[in-house]
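S.K.: Coordinates only, no sequence provided:
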């Protein structure tokens with residue numbers, strides 16, 4: 001469709017092209033000086049002591065769990081309202097992801113459910129900042145401290161987000177970010193780990209490249225040595241200088257990108273505020289929402305159509321949209337492995353039937369935002385009971 005508005009368009013300009021061309025002309029394409037520069041700039045921005053660039057947020061989560069010593073038989077608390085990767089990495093260790101329900105207001109992990117889910121096998125909690133709204137970390141940290149648990153934040157959606165004035169990435173034991181193509185800044189594929197723990201940082205850096213004592217840059221540059229040792233069987237999770245160059249250019253625009261998203265989110269809220277058929281995202285007063293996603297909830301008892309039909313008609317009218325997420329307990333693997341039933345997670349099972357993610361990205365125009373608002377309003381009016 002000629003006038004179809006896609007769910008996402010990456011905001012990449014000539015600055016990114018110039019950074020990548022510089023790397024291509026340098027002759028050094030894999031992990032090297034641009035990666036180290038990207039790590040330094042990112043750590044400084046979020047206020048962390050250490051940052052380790054990797055090739056995905058999935059890799060970041062895997063390395064984080066390995067660094068804290070997750071083993072076979074351990075349990076890790078994970079929200080059911082998340083993407084596959086959050087729980088998937090737990091299974092890499094033959095450990096058990098224990099799923100928890102969400103709150104209806106923010107779709108974040110319901111902290112009231114944490115304590116009753118803790119057993120002698122529980123070793124960590126992975127809160128996910130859904131759509132870019134920070135989780136309520138204070139009670140999570142209090143429970144973690146009382147039970148000797150580690151907190152690893154899945155911040156795939158949460159750049160740049162703040163909790164009580166502190167940047168996400170500087171608060172918990174370890175924080176994992178995503179630079180996937182649809183994220184608030186992108187390297188195409190990529191991720192970053194932040195921590196203030198020097199020992200964990202060294203371990204994650206080593207394990208991100210085969211468990212070698214020296215990475216390729218150190219071995220082959222003028223500052224390095226040909227000699228290396230395999231210290232532990234690691235992984236191939238390193239980020240390339242090409243991707244880091246793209247990330248450096250994007251990082252400089254991060255605040256501008258966020259301001260655009262925030263303005264468009266406010267425009268959506270204003271455009272839908274008089275529609276009782278739509279519940280807009282709520283934002284707690286003590287957070288800065290990253291606005292990675294704009295997820296509305298349909299009041300289906302006020303409509304004559306289902307959520308799926310609502311999406312179909314939006315797409316037919318030229319608006320790309322999506323659903324974030326199909327809760328993990330509804331997927332065959334987790335449903336069968338954990339013997340989960342929809343009623344075990346009443347909130348996420350219910351809101352899943354109601355949620356729709358509308359387009360929200362910095363490359364949208366005001367006219368496109370207004371167009372989405374107009375199409376949604378028209379659809380609601382036509383579908384009222």
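M.R.: Done, it's in. Quick caveat, the model's predicted, so the values are computed rather than measured. Numbering: from 1, shown residues only.
S.K.: for the stretch 101-250 of the chain, what spans make up the strands?
M.R.: For the stretch 101-250 of the chain, applying DSSP state E, counting those that start in this stretch gives strands covering 122-125, 150-154, 162-163, 166-167, 174-178, 191-195.
S.K.: Show me what the third one is packed against.
M.R.: If you count contacts as 3 or more Cβ pairs under 8 Å, 6 or more residues apart in numbering; DSSP states H and E, strand 162-163 packs onto strand 287-288. Every residue, glycine included, has its C-beta placed from N, CA and C.
S.K.: Quick check: can you name the pairing partners of the strand it packs on and their directions?
M.R.: strand 162-163 (antiparallel) (DSSP bridges).
S.K.: Quick one: mean pLDDT for the partner strand?
M.R.: Confidence for strand 162-163, expressed as mean pLDDT, is 98.
S.K.: Can you name the residues in contact with that strand?
M.R.: The contact list for strand 162-163 (Cβ atoms under 8 Å, 6 or more residues apart in numbering) reads 134-135, 137, 168, 171, 286-288.
S.K.: Tell me where the stretch 151-300 of the chain has helices.
M.R.: Assignment of helices within the stretch 151-300 of the chain using DSSP state H, counting those that start in this stretch yields the ranges 198-207, 216-220, 241-252, 254-272.
S.K.: Quick check: which of the ones you listed is nearest to residue 79?
M.R.: Residue 79 lies closest to helix 254-272 among the helices of the stretch 151-300 of the chain, at 22.0 Å (Cβ to Cβ).
S.K.: that older thread, I'd like the strands of the stretch 101-250 of the chain as a markdown table, with mean neighbour count and distance to residue 346 appended.
M.R.: As requested, the strands of the stretch 101-250 of the chain are exported to a markdown table (neighbours: other Cβ atoms under 10 Å; distance: least, Cβ to Cβ, whole Å):
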| stretch | mean neighbour count | distance to residue 346 |
| --- | --- | --- |
| strand 122-125 | 23 | 21 |
| strand 150-154 | 25 | 23 |
| strand 162-163 | 21 | 27 |
| strand 166-167 | 18 | 32 |
| strand 174-178 | 29 | 28 |
| strand 191-195 | 28 | 32 |
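S.K.: Select, out of these, the one closest to residue 360.
M.R.: Nearest to residue 360 among these is strand 174-178 (16.1 Å), distances taken as Cβ to Cβ.
S.K.: Can you tell me the strand partners of the closest one and which way each runs?
M.R.: Taking DSSP bridges as the criterion, strand 174-178 forms sheet pairs with strand 150-154 (parallel), strand 191-195 (antiparallel).
S.K.: just the angle between that strand and helix 198-207, please?
M.R.: If you take axes from the mean of the first three to the mean of the last three Cα atoms, to 10 degrees, strand 174-178 sits at 40 degrees to helix 198-207.
S.K.: pretty sure residue 347 is in a helix, no?
M.R.: Yes: assessed by DSSP: H, G, I helix; E, B strand; the rest coil, residue 347 belongs to a helix.
S.K.: measure it to residue 112 for me?
M.R.: Per Cβ to Cβ, to the nearest Å, residue 347 is found 11 Å from residue 112.
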